[in-house]
Structure formats: structure tokens, C-alpha cells
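**Student:** can you look at this prediction? I've put the sequence above it.
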Amino acid sequence: MVNNLIVCGGTFDHFHKGHREFLKYAFSLGEKIIVGITSDIYVLSSKSKIKNPKLIEAFGKRKQSVLDFIFSEKASDKVNLLEINDLFGPTLSKDLLIDAVVVSKNTKLGAEIINSKRKELGLSQLKILIFPGIKSENGELISSHRIRNGEINRLGKPYINEQWYKTNLSLPDDLRKELEKPFGLLNDDVLKDKNQSELIISVGDVTTEKLNKLGFSHQLSVVDFKVARENIFSSFSDLGFSGNEKIVLAKNHSGRISHDSFNMISEIIKFGFDQRTILKIIGEEDLIVLPIILATPLGTIIYYGQPNKGLVRVLVSEESKERAYNLISRFEPI
């Protein structure tokens with residue numbers, strides 16, 4: 001049954017496949033649709049409920065993503081966009097004859113609150129139409145939170161292939177030149193990141209020693225006690241650690257990325273940082289930057305040393321994750 005007027009809403013951050021299907025569902029159910037997009041003020045008011053709120057796109061960008069999709073669906077004649085500053089949006093207006101509200105399973109409670117308020121105001125109850133959601137390739141719902149958290153891309157594809165948790169990967173010769181290019185910006189001025197609230201990671205002994213000497217607090221350090229494959233350091237104190245850090249071990253050979261590394265890095269990120277953590281690689285950490293990029297949230301800052309070039313600063317983004325994924329996909333399972 002097609003309703004005359006329905007409403008739906010959301011933040012529509014990092015506009016993804018789930019958003020597209022949600023809006024298509026709404027478009028199929030109503031002759032006219034009002035789409036509410038949460039304002040930046042509303043997002044800030046919900047800050048305590050949102051992980052990584054700084055990574056949520058500004059209203060203008062989110063609105064443009066929705067507009068672009070509406071035009072691609074040739075639905076501009078039936079859809080009106082509204083900026084909303086609270087849960088209710090236009091749903092309490094006595095001038096609008098709204099038939100239904102479209103929600104996801106996770107936001108059904110909001111629709112019930114709207115209906116409760118409408119009853120108080122003497123307005124008719126809205127039909128609650130529930131969109132079932134779209135699952136990612138690993139069977140969990142696609143969400144903006146999971147994208148910001150660095151788990152999946154906007155199509156719902158996980159950044160870490162399940163097989164990489166079980167299989168060791170070897171760097172093929174034809175990729176060696178490509179990996180000689182810095183993965184981020186050459187930048188020795190690390191002090192500008194000293195007071196950042198984002199997750200900051202150092203990879204490599206010289207890089208870690210430098211950050212520790214500068215008093216640069218970072219949550220995770222990856223070391224192997226080697227420099228240019230030579231054993232240089234013999235203890236964590238040589239690298240400037242206090243001795244109060246949590247130490248985790250993983251095995252990894254030169255020119256490879258081990259399944260042990262993927263598992264340990266993912267576990268470290270999953271459980272968070274109640275204290276500084278050192279990932280000590282038994283072997284060599286020469287390629288560990290790649291799985292770290294894939295496992296960490298958007299906005300993470302990674303420092304590592306590029307031989308003969310200096311310190312490289314990587315800002316983890318959707319683009320850097322796609323590049324890392326495409327490179328690792330070309331590694332050879334062994």
C-alpha cells in the first residue's frame with residue numbers, strides 16, 4: 001500500500017549502501033516523502049552516544065550526499081529535505097497529514113516516542129514501517145559507526161579478509177617497488193600531533209624511540225629491537241619506555257604479514273587502551289603498517305620510518321584503507 005505522505009530521517013554520515021536501500025524503501029512506500037537530516041547541533045547534542053563524533057561529516061556534506069542520491073533515483077519531485085534539530089522533526093506538525101514513519105529496527109523506539117507525543121497532542125498515530133537493514137559481507141548490519149570505526153567500507157566490505165586471520169602472506173617481488181613509496185606524508189614535525197585526541201601509533205624502533213624522547217604520548221608502539229634488520233636494541237628501556245606498558249607479542253617474518261600479526265593487532269584495537277601498549281614483533285615489523293591501517297578507526301595517526309627518506313605520517317582514511325587492502329590482496333598466501 002502506498003501512503004500519501006511518509007517521513008524518515010537520519011544523520012546519513014558517510015553515506016553508504018544501507019542508506020541507499022533505506023531511502024529506496026521509503027520512496028517505494030509513499031507518494032510524497034519528507035527526509036529529515038540531523039543538524040550539526042543535533043549531532044553535537046548526541047555526542048555522548050556517538051563513538052568518534054569528530055569524524056561525522058558536516059551537515060552540508062551529508063545533505064549533498066542525500067541530494068545526489070535523490071537525483072540519481074529521479075525522485076526529486078516527490079522528496080523534500082529538512083534539517084532537523086531533534087527526534088521529532090516535522091512529525092508533530094498539525095498542518096501535515098503524515099501517514100507513516102519509516103525507521104530501522106534500531107530506531108523503532110524513536111518512532112514509538114513520536115507516536116506517544118502525537119497522542120498527547122491529539123494527533124493520529126503514524127504507521128511505523130520498519131526497514132530491515134542491509135548486512136555487510138560478514139553478516140553484520142552496515143552502519144556509519146562501523147565505517148568510522150574502520151571495520152568496513154561504504155559497500156559493506158570488511159577491510160580485513162577473514163582468510164588473513166588464518167593464513168600467512170608473502171610479499172611478491174613485483175610489489176616491492178610500490179611499497180618503497182611513502183604511504184603518507186614525509187613529516188618529521190611530530191609535535192603538532194602531541195595533543196591530538198585521536199589514536200596515535202608508532203611503528204619501528206627508531207620512530208618509537210624518537211617519539212618517546214620527545215615525550216610524545218602515543219597509545220601503541222610496534223617494535224622488533226632491530227634497525228635495518230640489525231639487532232640494535234636489547235630492552236624496552238633502551239627505547240625510552242617506563243616499564244609500565246602492557247606488552248603483547250606476535251610472530252612475523254621479514255617480507256611477510258603473518259596471521260598472528262593480523263589477530264594480535266585486531267585484538268589490541270578491539271579491547272582499547274587502558275594503558276600504553278607495546279606490540280613486540282618476534283621477527284621483523286617491516287610490513288606491519290599495512291594491517292594496522294586496515295584494523296584502526298578512521299582518523300588514526302600512524303608514524304613510521306621510511307628508509308633513507310625520514311619519518312612518514314599516515315592519517316588513516318577510507319582512501320588509505322582501500323590502498324592498503326588492494327596491496328595486501330596481491331600478497332601470496334603461504
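**Tutor:** It's in. Residues are numbered from 1 along each chain as shown.
**Student:** low pLDDT regions in the chain?
**Tutor:** Along the chain, the parts satisfying pLDDT under 70 run over 1-2, 47-52, 188-189, 191, 194-195.
**Student:** which of the helices or strands spans the residue lying closest to residue 80 once chain neighbours are set aside?
**Tutor:** The spatially closest residue to residue 80, leaving aside those adjacent along the chain, is residue 34, at 5.1 Å (C-beta to C-beta, 6 or more residues apart in numbering). No exception for glycine: its C-beta is placed from N, CA and C like everyone else's. Using DSSP states H and E, residue 34 maps to strand 30-38.
**Student:** how far is whatever helix or strand comes next after that strand from where the chain is centred?
**Tutor:** Next along the chain after strand 30-38, taking DSSP H and E as the criterion, comes helix 40-45. Helix 40-45 has its C-alpha centroid displaced from the chain centroid by 20 Å (C-alpha atoms, centre = their mean, to the nearest Å).
**Student:** ok, and what's touching helix 40-45?
**Tutor:** Contact partners of helix 40-45, identified using C-beta atoms under 8 Å, 6 or more residues apart in numbering, comprise 11, 50, 53, 56, 58-59, 84-86.
**Student:** ok, then the element right after that helix?
**Tutor:** Counting by DSSP H and E, the next helix or strand C-terminal to helix 40-45 is helix 59-72.
**Student:** name the helices or strands packed onto that following helix?
**Tutor:** For helix 59-72, the packing partners by 3 or more C-beta pairs under 8 Å, 6 or more residues apart in numbering; DSSP states H and E come out as helix 17-29, strand 30-38, strand 79-84.
**Student:** quick one, which of these is nearest to residue 234?
**Tutor:** Distances from residue 234 to each of the helices and strands packed on helix 59-72 were compared using C-beta to C-beta; the minimum, 50.3 Å, belongs to helix 17-29.
**Student:** show residues contacting the closest one.
**Tutor:** Contacts of helix 17-29 (C-beta under 8 Å, 6+ apart): 2-3, 6, 8, 10, 12, 33, 35, 65-66, 69-70, 73, 75, 78-79, 100, 102, 104, 129, 131, 133-134, 141-143, 154-156.
**Student:** can you state the direction angle for it and helix 59-72?
**Tutor:** Put simply, helix 17-29 runs at 50 degrees to helix 59-72, going by axes from the mean of the first three to the mean of the last three C-alpha atoms, to 10 degrees.
**Student:** next, the distance between the ends of stretch 223-243.
**Tutor:** Terminal residues of stretch 223-243 are spaced 15 Å apart (C-alpha to C-alpha, to the nearest Å).
**Student:** pull out the buried positions in it.
**Tutor:** Along stretch 223-243, these residues count as buried under the neighbour rule (16 or more other C-beta atoms under 10 Å): 223-226, 233, 236, 239, 241.
**Student:** for residue 255, give me its contacts.
**Tutor:** Residues in contact with residue 255 (C-beta under 8 Å, 6+ apart) are 170-171, 286-287.
**Student:** tell me which of those residues fall in strands.
**Tutor:** Among the contacts of residue 255, the residues falling in strands (DSSP state E) are residue 170.
**Student:** what is the nearest of the contacts of residue 255 to residue 274?
**Tutor:** Nearest to residue 274 out of those is residue 287 (C-beta to C-beta; 28.0 Å).
**Student:** need the contact list for residue 190.
**Tutor:** Contact partners of residue 190, counting by C-beta under 8 Å, 6+ apart, are 210-211, 214, 216, 303, 311, 313.
**Student:** name the nearest residue to residue 269, ignoring sequence neighbours.
**Tutor:** Distance criterion C-beta to C-beta, 6+ apart; nearest residue to residue 269, sequence neighbours excluded, is residue 295 at 5.0 Å.
**Student:** tell me the contacts of the one you found?
**Tutor:** Contacts of residue 295 (C-beta under 8 Å, 6+ apart): 150, 159-160, 262, 265-266, 269.
**Student:** re earlier: so which of the contacts of residue 255 is the closest to residue 16?
**Tutor:** Nearest to residue 16 out of the contacts of residue 255 is residue 287 (C-beta to C-beta; 29.4 Å).
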